[in-house]
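*Asks:* just the structure for this:
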Amino acid sequence: MSANPLVFQVPFDESDGEGIVFFGNYFRLAHRALEQWLPTIGIPWDEWFKNKDWGVPLRHVEADYLRPLRPGDYFEAKILVVNIGESSIHFAYEFVDKKGEVLAKLKTSHVFVSRAAQEMKKLKIPDDVRSRLGAHTQKPLGS
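*Replies:* Sure thing, here's the model as predicted:
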């Protein structure tokens with residue numbers, strides 16, 4: 001976990017007709033949290049998202065929606081590295097309200113790929129990146 005909590009307010013345009021966050025937008029919120037969290041563990045934004053040699057696209061996502069998030073609500077995004085494979089990284093996210101109640105749990109799996117000639121071939125995770133991520137490996141949230 002980062003030393004500072006990642007606290008967000010739900011923007012108005014993230015909700016659906018029922019006035020709750022649209023299910024797919026939870027992943028947009030998770031991605032925003034990941035963008036802010038990576039630099040706190042020593043991986044600069046440009047290194048992860050604009051790396052000239054490799055990219056880290058999503059290959060799997062899942063979510064459990066436990067309580068509704070609504071526009072204007074504040075929540076804390078907690079992020080953990082739950083598994084690091086040869087070429088993949090698995091994150092768990094927990095969105096928690098100010099009372100400490102879990103609103104949603106998400107998981108994302110990413111694969112490291114080569115950017116050379118747009119070939120998108122799997123790559124071994126670079127050792128320096130692996131060590132920075134590995135320092136934050138924990139059991140999945142809620143286990």
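*Asks:* so who does the residue most central in space within the chain touch?
*Replies:* What sits nearest the mean C-alpha location of the chain, by CA atoms, centre = their mean, is L34, with 4.2 Å. L34 makes contacts with I79, F91, T108, as judged by CB atoms under 8 Å, 6 or more residues apart in numbering. C-beta here means a position set from N, CA and C on the backbone, and glycine is covered the same way.
*Asks:* and the second one, what element?
*Replies:* Counting by DSSP states H and E, the secondary-structure element that holds F91 is strand 88-96.
*Asks:* which helices and strands does the helix or strand just after that strand pack with?
*Replies:* Note on strand 88-96: by DSSP H and E, the next helix or strand toward the C-terminus is strand 102-111. For strand 102-111, the contact count by 3 or more CB pairs under 8 Å, 6 or more residues apart in numbering; DSSP states H and E identifies helix 25-40, strand 58-65, strand 88-96 as packing neighbours.
*Asks:* may I see the buried residues of strand 102-111?
*Replies:* Within strand 102-111, the residues scored as buried using 16 or more other CB atoms under 10 Å are V102, L103, A104, K105, L106, K107, T108, S109, H110, V111.
*Asks:* so what pLDDT did the fifth one get?
*Replies:* Pointing back at L106 there. Reading off the per-residue confidence, L106 sits at a pLDDT of 97.
*Asks:* same question, the last one
*Replies:* The predicted local confidence for V111 comes out at a pLDDT of 97.
*Asks:* now do the contacts for it.
*Replies:* Each residue near V111 by CB under 8 Å, 6+ apart is listed here: V56, P57, R59, S87, S88, K122.
*Asks:* can you tell me how far it is from G42?
*Replies:* Distance of V111 to G42, given as CB to CB, to the nearest Å: 21 Å.
*Asks:* and what of the fifth one?
*Replies:* Between L106 and G42 the distance, using CB to CB, works out to 23 Å.
*Asks:* likewise the second one?
*Replies:* Spatial separation of L103 from G42 under the definition CB to CB is 28 Å.
*Asks:* below-threshold pLDDT in this structure: ranges please.
*Replies:* When the per-residue scores of the chain are filtered using pLDDT under 70, the ranges that remain are 1-4, 140-143.
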